[in-house]
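Requesting a structural model of the entry that follows:
(chains A and B)
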Amino acid sequence: MAEVSATVAKKQGDFNLRTIVLPIIAIVVLVAYFSYVNPLFFSASNALNIGRQSSVLLMVALAGTVVILIGSIDLSVGALVTLTGILAALTVDQFGLAGATLVGIGVGALVGLVNGSLVTMLKVPSFLVTLGMLSILSGVANQISQGQSILFADSLLPDLVNGSFVLGIPNVIWFALIATAVLTVVAFRTKLGRYLYALGGGEIVASHAGVPVTFYKILAFVLAGAICGLAGVMLTGQVGAGTPTAGSSLLLNSIAAVVMGGTALSGGIGGPHRTFLGVLVIAILTNGMDVTEVNSFTQDIVKGFVIILAVSLTIDRSKYLFIK
Amino acid sequence: MTSLTVVGRPDLPGGRPAAAPALELRDISKTYPGTNALTGVSFVLRRHQMLGLVGENGAGKSTLLSIINGTVRPDTGTISINGEAVRFGHPTEAARNGVATVFQEQGLIPTIPVFENIFLGRETKFTVAGGLRRKAMIAEARAVLEELEVDVSPTALTGALSFGQRQLVEIAKAFALSRVYPVEPIILLDEPTSALSDHETAKLFDGINRWRSRASFVLVSHRLSDVFAICDEVVALKDGHVVDQRPIKSIDEVALHELIVGRQRNAEYYREAVQREPSATVALRATGISKPGHLRGVSLDLREGEILGVAGVLGSGKSTLARIIAGAEAQGEGDVIVEGATLLRGSRRDAIRHGIGFVPAERSVAGIIGTDTVDWNLTLPNLKQIALGFLGLISPRRSRALTVEWMQRLKVRAPGPSAACRTLSGGNQQKIVFAKWLARGVRILVLDDPGRGLDVGAKEDIYSLMREIADKGAAVLLVSDNLPELIGLSNRIMVLRDGVVSAIVETPKDAKPREVDVVSAML
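Sure, this is the predicted structure:
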């Protein structure tokens, strides 16, 4: 009996190991390959490039992770980044850097509140609520911007985002790294974090243990919205304008990164630290193909295959009764 | 095995006196890791008979059905159908021999029409050049339904039918088998009446009585009244053994119930010697708890140091009572009062605040988070105890230390506090559910069938744990299907029948009542 449970536990350990080790192996293989094809790939300046290109993606993937951990999904993350980016561009000249940031985070949190409330109170599946929200937010963003980029005069925001104040590393990378660290601490060392895992792993168990289920579910969406809002402001600073198409590639890439990192779509397994690895895989793949001059259509095809391969290797099938 | 004299039905097919039984099981055994699900099970189903299969939860009924219908392979033993030994590797092979199961959770697809369900998986008969002859299928389905006098259109959408109608369609599906394969059906009915109204049940039994000249049946049911209504013989299972096979006419309901639950009650097993007298202080009082359709005016006083048992058959409302007292479900009327405070209805949070722990019946969905580790499960309601510093961050070290402490106290066998809970045996998982509340220092514990699905050793551990808890002055409300367990452990037993308290049976340690005394109040 004990022997049986010990072997099963060992398997479980193997699985955890696999989800951590596989992304790392993928990273090593990709780096080796691209460096071989183009030696310029393996340089400090290109490493910073990769960091710059993926910081916003990392923020969005972290937001997605929070919601996926409770077993829901937020499809409105990319559109929300676009909208809050445009709002930041519109408000930064009038309200300053702090004001624009607050607007971004505030609108993001508000959208999260609406998403979370609809999911919990009206009991509409998060997939559908946030799919609708995705459409609404893109519409609003286009309406406001009339499909044009929104330019602004303020220089503080771009300077803060693109500058390199510490160790020569661009601030945008620091922001994303700090966000990862903070969320990892939240996940493992706070009540909120434990409750998120509990909701994803067994909502009834959590509710029997006295967890206010509705409140924490809404909170997860609010937190995700606020992170997206911050990401929108960062993106606007990085680009130097608010653009109505900025967030369009973020949704699929972020979900791919979350799942590749080993966070289960069924909830309760994974976390921000895992998502960090997943984002790294996507970022290196994208940058590497750019550097080795793979055309962008081929890039999409390759990325698609890599995502399917990676997910088929890392998902925990024991969580699924049927694969649909 | 007991004697197998042919009984009852004078209309047995006359011409063949030595007709082989429709189904015969001989010495079937099945072992799962840690449990002997079935040991040396033998019984006979004669042609055109209805055989009742009865037993407690975990007695092995489901495993047995799965073996007969080919879903599970037995470790040893033989199955014969019409006198010929068969060996099923797959449910389809069983189906080819006429074995059809009507499942408790229905096996029909709601989004397709009735006739497609009836021939699901056996469409080859209607296939011409890769296309389905829809009309022929509908006609055939209609013929089956009409023959059985089932008033359902073959083209109706399955999901639009009532539960009772779908049940009839399932049975029709079983008969349709005999049109595809040239065999007489053996129909396994798994709790067919559990979701039916009395009227629907009567209709189903009417139908079965009409059809029994053309099929043989095995009926698994919790409702003994069903068994008495339509069965010719009954097989009682207990802990994976056949206790008896008898003609239904030779036994009455109370005797059958005793047969099902009546293992030798072992005083040592339930630690009866250390049963204490409860103190006079009432830890929890419930007054006039009512919930339409479940409970009517149930009141109780639960005293410190007491184990109060709640007995009742399925549907008596005993689980609902446990959930209401634990705050996991809201009552319509009545109050739960702890130390003078009236608890918020349906609020687990408030109940926890007043020191009420809850061990629910469905361990895997309501008790344990399988994907989480032992320490995350155990500390879920205890995060305050393991928080440190001004930010109140959780200390993983304290989390593990608290977990290890309780794992040792409760003798949990697990690789360590970081093992995922789903890798643990049921008994060890159940200990963690207990530990979750004990670590919180609860004064009141509500247990809903805490021994369900556990093997004998794990049960023994849980029982001695309950004794310890009561001994330290905590109050325990024990809801259970298992009568010997209730009698052995409780100070008093409250018996519920149809949502109303039908009796209070005192069970002092030196004068435990007989099971029949309790059963008579349940039925």
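
CA atoms for contacts and neighbours, from now on please.
Noted.

Spatially, what comes nearest to residue 271 if we skip its sequence neighbours?
Using chain A. Nearest non-adjacent residue to residue A:271, counting by CA to CA, 6 or more residues apart in numbering or on different chains: residue A:263, 6.1 Å away.

Let me rephrase: I mean chain B.
residue B:464 (6.5 Å).

how far out from the middle of the chain is the top helix by length along chain B?
Longest helix in chain B, counting residues (DSSP state H): helix B:163-180. Chain-centre distance of helix B:163-180: 25 Å, with CA atoms, centre = their mean, to the nearest Å.

So for the residue nearest to residue A:271, what pLDDT did the model give?
Per-residue confidence (pLDDT) for residue A:263: 84.

Please apply the same query to the one 3 residues further on.
Looking at residue A:266, its pLDDT reads 81.

How much space separates it from residue A:69?
Residue A:266 sits at a distance of 8 Å from residue A:69 (criterion: CA to CA, to the nearest Å).

Between those two, tell me which one has more neighbours.
Between residue A:266 and residue A:69, counted using other CA atoms under 10 Å in any protein chain shown, the more crowded position is residue A:69 (30 against 17).

before we move on, the earlier item: what is the subsequent helix or strand relative to the longest helix of chain B?
Counting by DSSP states H and E, the next helix or strand C-terminal to helix B:163-180 is strand B:186-190.

For stretch A:90-108, what does the pLDDT average out to?
For stretch A:90-108, the mean per-residue pLDDT is 91.

buried stuff in it?
For stretch A:90-108, a neighbour-count test (16 or more other CA atoms under 10 Å in any protein chain shown) marks A:90-93, A:96-97, A:100-108 as buried.

any idea how far chain A is from the closest residue to residue B:46 other than its chain neighbours?
Spatial nearest neighbour of residue B:46, chain neighbours left out: residue B:21 (4.4 Å); criterion: CA to CA, 6+ apart. As for residue B:21, its distance to chain A is 38 Å (criterion: CA to the nearest CA, to the nearest Å).

Now do the SS call for residue B:21.
Recorded secondary structure, residue B:21: coil (DSSP: H, G, I helix; E, B strand; the rest coil).

Contacts only, for residue B:440.
The contact partners of residue B:440, taken as CA atoms under 8 Å, 6 or more residues apart in numbering or on different chains, are B:381, B:382.

Any idea how many residues pack against the closest residue to residue B:441 other than its chain neighbours?
With sequence-adjacent residues excluded and distances taken as CA to CA, 6+ apart, residue B:441 is closest to residue B:355, at 7.5 Å. For residue B:355, the neighbour count with other CA under 10 Å is 18.

Let's see the pLDDT reported for residue B:304.
92.

With residue A:185 instead?
At residue A:185, pLDDT is 90.

before we move on, which element is it in?
Counting by DSSP H and E, the element that carries residue A:185 is helix A:171-189.

Could you name the helices and strands sitting against the helix or strand following that helix?
Per DSSP H and E, the first helix or strand lying C-terminal to helix A:171-189 is helix A:191-201. With contacts defined as 3 or more CA pairs under 8 Å, 6 or more residues apart in numbering or on different chains; DSSP states H and E, helix A:191-201 has these neighbours: helix A:44-69, helix A:171-189, helix A:203-208, helix A:213-239.

At the contact with chain A, which residues of the stretch 401-523 of chain B appear?
Proximity of the stretch 401-523 of chain B to chain A is confined to B:413, B:414, B:415, B:419, B:420, B:423, B:424, B:425 under the rule CA under 8 Å from any CA of the partner chain.

ok, back up a step: pull up the overlap in contacts between residue A:266 and residue A:69.
Common neighbours of residue A:266 and residue A:69, using CA under 8 Å, 6+ apart, are residue A:200.

Return only those of the buried residues of stretch A:90-108 found close to chain B.
Among the buried residues of stretch A:90-108, not one lies near chain B by CA under 8 Å from any CA.

from the residues you listed, which is closest to chain B?
residue A:105 (23.1 Å; CA to the nearest CA).

That closest one against residue A:227, yeah?
Yes - counting by CA atoms under 8 Å, residue A:105 does reach residue A:227; the two are 6.9 Å apart.

Can you show me the helices along the stretch 401-523 of chain B?
Here the stretch 401-523 of chain B has its helices, by DSSP state H, counting those that start in this stretch, at B:426-438, B:456-471, B:483-489, B:515-522.

any chance of those in TSV, with mean neighbour count and mean pLDDT too?
Below are the helices of the stretch 401-523 of chain B laid out as TSV (neighbours: other CA atoms under 10 Å in any protein chain shown; pLDDT from 0 to 100):
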stretch	mean neighbour count	mean pLDDT
helix B:426-438	24	89
helix B:456-471	19	85
helix B:483-489	24	86
helix B:515-522	17	81
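
any chance of those helices in a markdown table, with distance to residue B:241 too?
Shown next, in a markdown table, are the helices of the stretch 401-523 of chain B (distance: least, CA to CA, whole Å):
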| stretch | distance to residue B:241 |
| --- | --- |
| helix B:426-438 | 22 |
| helix B:456-471 | 14 |
| helix B:483-489 | 18 |
| helix B:515-522 | 20 |
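
To what extent is residue A:26 buried, counted in neighbours?
Residue A:26 has 19 neighbours, counted by other CA under 10 Å.

Identify whichever of the helices of the stretch 401-523 of chain B lies nearest to residue B:363.
Taking CA to CA, helix B:426-438 is the member of the helices of the stretch 401-523 of chain B nearest to residue B:363, at 7.2 Å.

Just the CA trace of stretch B:354-370, in CSV.
Coordinates of each C-alpha in stretch B:354-370 appear next as CSV, following Å, rounded to 0.1, in the frame of the first residue of the first chain:
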residue,chain,number,x,y,z
HIS,B,354,-18.1,29.1,15.7
GLY,B,355,-15.9,26.1,15.6
ILE,B,356,-17.7,23.7,13.4
GLY,B,357,-15.5,21.4,11.2
PHE,B,358,-17.1,19.4,8.4
VAL,B,359,-16.0,16.1,6.8
PRO,B,360,-18.2,15.8,3.7
ALA,B,361,-19.4,12.6,2.1
GLU,B,362,-17.8,13.1,-1.4
ARG,B,363,-14.2,13.1,-0.4
SER,B,364,-12.7,13.7,-3.8
VAL,B,365,-14.8,16.7,-4.8
ALA,B,366,-15.6,18.3,-1.5
GLY,B,367,-13.0,17.1,1.0
ILE,B,368,-9.6,17.1,-0.7
ILE,B,369,-7.9,19.0,-3.5
GLY,B,370,-6.1,16.3,-5.3
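
just to revisit the earlier point, ok now do the residue nearest to residue A:271, which residues does it touch?
By CA under 8 Å, 6+ apart, residue A:263 lies in contact with A:65, A:68, A:69, A:269, A:270, A:271, A:274, A:275.

Identify the farthest-apart pair in those residues.
The most widely separated members of the contacts of residue A:263, counting by CA to CA, are A:68 and A:274 (12.6 Å).

secondary structure class for the closest residue to residue B:306 other than its chain neighbours?
Excluding the flanking residues, the one nearest residue B:306 by CA to CA, 6+ apart is residue B:278, at 4.7 Å. Here residue B:278 is recorded as coil under three-state DSSP.
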